[in-house]
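Visitor: Next come a sequence and a model predicted from it.
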Amino acid sequence: MICSIQIALLQLFEAAKDNLDDDQLIFFGNLLLHADEEAQNLCNTVTALAMCDVSERLPDGEIQSVLLGLANRAGTIAALIQIGAKAKQMAAERKGGAR
């Protein structure tokens, strides 16, 4: 398995989720808001790259590094969304079960 921020975040949340209190679940649920901001930032970055002639601005081989960095960033955003959605679901289930 290739280690990435995405995999690390998902595994850490999976290991900790059953021990989180309600406030912590709300905190992690709010990652959905942060993921939205990060996705917009990623969009802006990709748009800026598309608007310039990258081959003239980056040394040979650097475009691969840029693309890998963008892919890792997209993977991290996906992890934020997955964790946020699961935390919100767990918080709602706890709230519903507390009645």
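Guide: Alright, I've got the coordinates.
Visitor: low-confidence ranges in the chain?
Guide: Scanning the chain for pLDDT under 70 picks out the ranges 1-2, 54-55, 98-99.
Visitor: which ones are touching the most centrally placed residue in the chain?
Guide: The centroid of the chain falls nearest to Ile77 when counting by C-alpha atoms, centre = their mean (2.2 Å). Listed by C-beta atoms under 8 Å, 6 or more residues apart in numbering, the contact set of Ile77 reads Ala35, Glu38, Ala39, Leu42. In short, each C-beta sits where N, CA and C put it, glycine included.
Visitor: residues contacting the first one?
Guide: Okay, so that is Ala35. Ile77, Leu80, Ile81, Gly84.
Visitor: mind running it again at 6 Å?
Guide: Listed by C-beta atoms under 6 Å, 6 or more residues apart in numbering, the contact partners of Ala35 are Ile77, Leu80, Ile81.
Visitor: for Leu31, same thing?
Guide: The contact partners of Leu31, taken as C-beta under 6 Å, 6+ apart, are Leu80, Ile83, Gly84.
Visitor: can you rerun that using 8 Å?
Guide: With C-beta under 8 Å, 6+ apart, Leu31 has these contacts: Leu80, Ile81, Ile83, Gly84, Ala87.
Visitor: excluding its backbone neighbours, what's nearest it?
Guide: Gly84 (3.7 Å; C-beta to C-beta, 6 or more residues apart in numbering).
Visitor: tell me which element the one you found is part of?
Guide: In this assignment (DSSP states H and E), Gly84 forms part of helix 62-97.
Visitor: So what's the gap between that helix and the chain middle?
Guide: Centre-to-centre, helix 62-97 and its host chain are 3 Å apart (C-alpha atoms, centre = their mean, to the nearest Å).
Visitor: same check, this time on stretch 48-58
Guide: What separates the centre of stretch 48-58 from the centre of its chain is 25 Å, taken as C-alpha atoms, centre = their mean.
Visitor: So the closest residue to Thr45 other than its chain neighbours versus Ala92, what's the distance?
Guide: Excluding its sequence neighbours, the residue lying closest to Thr45 (C-beta to C-beta, 6+ apart) is Leu70, at 6.8 Å. Distance of Leu70 to Ala92, computed by C-beta to C-beta, to the nearest Å: 33 Å.
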